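Participant: Only the shape, not the letters, is given here:
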């Protein structure tokens, strides 16, 4: 099965033109496995792969197993990059994500490393070149093909890169909430606290106390850390499908001194939780799926919440009012009431029906 897209094929062709697959290869954010499978087909023997999304990691594993391709899945860190001569990268939309990845590559990979990074032209900006130049001497730009383009960074400056890597995760203190946020590159809102989350937190003050809460699609872990700071008896699980988000949430818990009561887990929704096992779920659902505005992810998370909540348990949710989520919340979880609404957001609480209802 060919799972490649025009950016994948262009990345692989440019890497082959540079004879870049002769040594260790690191592949970062390979959407469905095309870069990993392509590197193997080109003769790479030591292929190390990092996927930010657990769903992407599983998609790659399935395609690689079918093709008989062997690779090493690794966290974004030294083991992924030490000695790597080439890095194949799908360009992230976030400049912060690109900055963190580029700094780590330049600091840890082989001195002759080249990043071969590609994407759709409509999502690429000159600022991406500038980001790469902060830790690489040279950035070449490929000719366009099928509305895609590749950036090739070379001439790593390890000293600059080590200093740049030390910036991550970034942190910001929010005195109004008594909370410090830590964020790795590319996580929603970064070290800021978005206005939807702030609106939700203002309503959670009135929520009846429970002993166990799940911060679903946790991002930087703002909600979980705020809950743990406000109640010394509560136990919080912060979960997200993104490795960068989970690392950020773990750092947020640590810097706020609540790591003993706020655990983190990378998972696809609530898959790690048994049915009817949770007293409360708190959710600010994403409404983008890659570049597209989409309610699909939110609907999946609502259904998963209805499964994991114990009878009488509740889902507190904030959403953009124009999305009109209340009917799906009613169907997926149970009776839903509006807690608050302003010009942009709605906060609801949905109660899981008992088995007798």
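Facilitator: Ah, there it is. In this text the structure is predicted, and so the values were computed from the model without any measurement.
Participant: contacts and neighbour counts: CA atoms only from here.
Facilitator: Noted.
Participant: On the three-state scheme, residue 97 is what?
Facilitator: When classified by DSSP: H, G, I helix; E, B strand; the rest coil, residue 97 comes out as helix.
Participant: Show the contacting residues for the nearest residue to it once chain neighbours are set aside.
Facilitator: For residue 97, ignoring the flanking residues on the chain, the nearest one in space by Cα to Cα, 6 or more residues apart in numbering is residue 185 at 3.9 Å. Residue 185 makes contact with 94-100, 168-169, 244, according to Cα atoms under 8 Å, 6 or more residues apart in numbering.
Participant: Residue 185 - that's part of a strand, no?
Facilitator: No: the assignment for residue 185 by three-state DSSP gives coil, which leaves it out of any strand.
Participant: Could you tell me how far it is located from residue 33?
Facilitator: 22 Å (Cα to Cα, to the nearest Å).
Participant: for residue 107, same thing?
Facilitator: Counting by Cα to Cα, the gap from residue 107 to residue 33 is 26 Å.
Participant: Now do the same contact list for residue 333.
Facilitator: 302-303, 305-307, 315, 350-353.
Participant: got it, and residue 13?
Facilitator: Residue 13 touches nothing, counting by Cα under 8 Å, 6+ apart.
Participant: swap in residue 240?
Facilitator: Per Cα under 8 Å, 6+ apart, neighbours of residue 240: 216-219, 246, 265-269.
Participant: Of the contacts of residue 333, which is the most crowded?
Facilitator: Each of the contacts of residue 333 was scored by neighbours using other Cα atoms under 10 Å; the highest score is residue 305's, at 31 neighbours.
Participant: Next one: that residue from residue 322, what distance?
Facilitator: 22 Å.
Participant: What of residue 89?
Facilitator: On the measure of Cα to Cα, residue 89 and residue 322 end up 36 Å apart.
Participant: Just name the shakiest helix or strand of the chain by mean pLDDT.
Facilitator: For the chain, counting by mean pLDDT, DSSP states H and E, strand 292-293 ranks last in confidence among helices and strands (a mean of 50).
Participant: any idea which helix or strand comes after it?
Facilitator: The helix or strand immediately downstream of strand 292-293 is helix 296-308, counting by DSSP states H and E.
Participant: could you say what helices and strands that next one packs with?
Facilitator: Using 3 or more Cα pairs under 8 Å, 6 or more residues apart in numbering; DSSP states H and E, the elements in contact with helix 296-308 are helix 326-332.
Participant: Contacts for the helix it packs on next, please.
Facilitator: 299, 302-303, 305-306, 335-336, 348, 350.
Participant: now do stretch 241-254
Facilitator: Contacts for stretch 241-254 (Cα under 8 Å, 6+ apart): 51-55, 169, 180-187, 217-222, 225, 238-240, 259, 262-269.
Participant: hang on, the earlier thing: and the residue nearest to residue 97, what's its pLDDT?
Facilitator: We have a pLDDT of 97 for residue 185.
Participant: Would you map the strands across the stretch 51-200 of the chain?
Facilitator: 72-73, 86-90, 114-120, 136-141, 148-156, 170-174, 179-183 (DSSP state E, counting those that start in this stretch).
Participant: got a markdown table for the ones you listed, with mean neighbour count and distance to residue 162 too?
Facilitator: Output for these, formatted as a markdown table (neighbours: other Cα atoms under 10 Å; distance: least, Cα to Cα, whole Å):
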| stretch | mean neighbour count | distance to residue 162 |
| --- | --- | --- |
| strand 72-73 | 15 | 24 |
| strand 86-90 | 26 | 18 |
| strand 114-120 | 25 | 17 |
| strand 136-141 | 16 | 12 |
| strand 148-156 | 24 | 11 |
| strand 170-174 | 15 | 15 |
| strand 179-183 | 24 | 18 |
